[in-house]
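After the sequence you'll find the predicted model.
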Amino acid sequence: MARVAIVTGGSRGIGEAISVALRDAGMTVAANYAGNDERAREFTERTGIKTYQWDVSDYDACLAGVAEVESELGPVDVVVNNAGITRDGTMKRMERQAWDDVIDINLGGCFNMAKAVWNGMNERKYGRIVNIGSINGQAGQYGQVNYAAAKSGIHGFTKALAQEGARAGITVNAIAPGYIDTDMVAAVPPDVLEKIVAKIPVGRLGQASEIARGVTFLCAEEGGFITGSTLSINGGQHMY
Ligand code: CAA
């Protein structure tokens, strides 16, 4: 039977590309989204992938959302924690709310979703969890203390959870995208973005499909020995 995958933030941007790629790899995909109903409807019409609305920063909503997906599609074997926001600003200007929102959604969402599927994956002795981190969680970024902290947290979360899941056949990995051609990156002021792109050795922004390809790789049945790893897909912008 086809594996069931949940992709958070799965109807737009990088998440959309991941949902489509996992569907093309033979999985039954549930694309979670936060609030853009119109975009979700349009996405389902175009791709045939079902969407489910809940806020990943809300723990109870994640439990209920996963239960709904499982009752409709079957046990969840794959989770891609992709949902994320930016609230950029220098420390001087950043309000506490911008910190809380980014930490709660980007990092808290990973905990909530992993928790919601963890017992089931342990019982079935199979799971694939992929967390979308960021180059800015690895290297930091001016104007992003909140986002860099959340994404850096995702990388630590991944390595810790990988150790807990290993004996139960659950792999937990991260992808660290660089600057990808999405609405999120389009929101960066053009002059700032121009300087960032100038520092990417490959000389261009990445495509969402280039991240999705990495996710598909990590979620494959054959991926059982890859766990706790971080796959950087950033055009060579940050190497270590
Ligand atoms: N290092 C040092 N100084 C810097 C700097 C840097 N990287 N960037 C800007 N500065 C300086 C500027 O030169 C300026 O100095 P002066 O006042 O002396 O002229 C000062 O800091 C203020 O800079 P801004 O005019 O940029 O300040 P602002 O308040 O208008 O904007 C900002 C700040 C919102 C952070 C803006 O710079 C910005 O949007 N930066 C981009 C942040 C970014 O890359 N976000 C990534 C979003 S995409 C994403 O996150 C996806 C992913 O995973 C990769």
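Right, received. Where do you want to start?

list the contacts for the closest residue to the ligand within the chain?
Minimum separation of the chain from the ligand (Cβ to the nearest ligand atom) falls at G143, amounting to 2.0 Å. Every residue, glycine included, has its C-beta placed from N, CA and C. Contact analysis of G143 by Cβ atoms under 8 Å, 6 or more residues apart in numbering lists 88-90.

could you redo the last one with a cut-off of 6 Å?
If you count contacts by Cβ atoms under 6 Å, 6 or more residues apart in numbering, G143 has them with 88, 90.

likewise the one 4 residues further on?
By Cβ under 6 Å, 6+ apart, the contact set of Y147 is 86, 102.

Where does it sit, in terms of helix or strand?
Applying DSSP states H and E as the criterion places Y147 in helix 145-165.

which SS state does the residue lying farthest from the centre of the chain fall under?
Each residue of the chain has a distance to the centre, and by Cα atoms, centre = their mean the biggest one is for K92: 28.7 Å. Taking DSSP: H, G, I helix; E, B strand; the rest coil as the rule, one finds K92 in the coil state.

quick one, phi/psi of it?
The phi and psi values for K92, taken as degrees, to the nearest 10, are phi -50, psi -40.

What separation do you get for the most centrally placed residue in the chain and I105?
Nearest to the mean C-alpha position of the chain, counting by Cα atoms, centre = their mean, stands N82 at 1.7 Å. Between N82 and I105 the computed distance is 11 Å (Cβ to Cβ, to the nearest Å).

again with A186
Remark: distance between A186 and I105 (Cβ to Cβ) = 19 Å.

So for these two, which residue has more residues nearby?
A direct count of neighbours by other Cβ atoms under 10 Å for A186 and I105 places I105 higher, at 23 against 11.

pretty sure G153 contacts G109?
No. Using Cβ atoms under 6 Å, G153 makes no contact with G109, being 11.2 Å away.

neighbour count winner among the two?
Set side by side, G153 and G109 show more neighbours around G109, with 29 against 19, by other Cβ under 10 Å.

In three-state terms, label that one for me.
Following three-state DSSP, G109 is assigned to helix.

Output the set of residues of this protein in proximity to the ligand.
By Cβ under 6 Å from any ligand atom, the residues of the chain that approach the ligand are 86, 88-90, 93, 134-136, 141-144, 147, 177, 179, 184-185, 188-189, 192.

Looking at the residues you listed, which are in helices?
The helices, defined by DSSP state H, take in 135-136, 147, 184-185, 192 from these.
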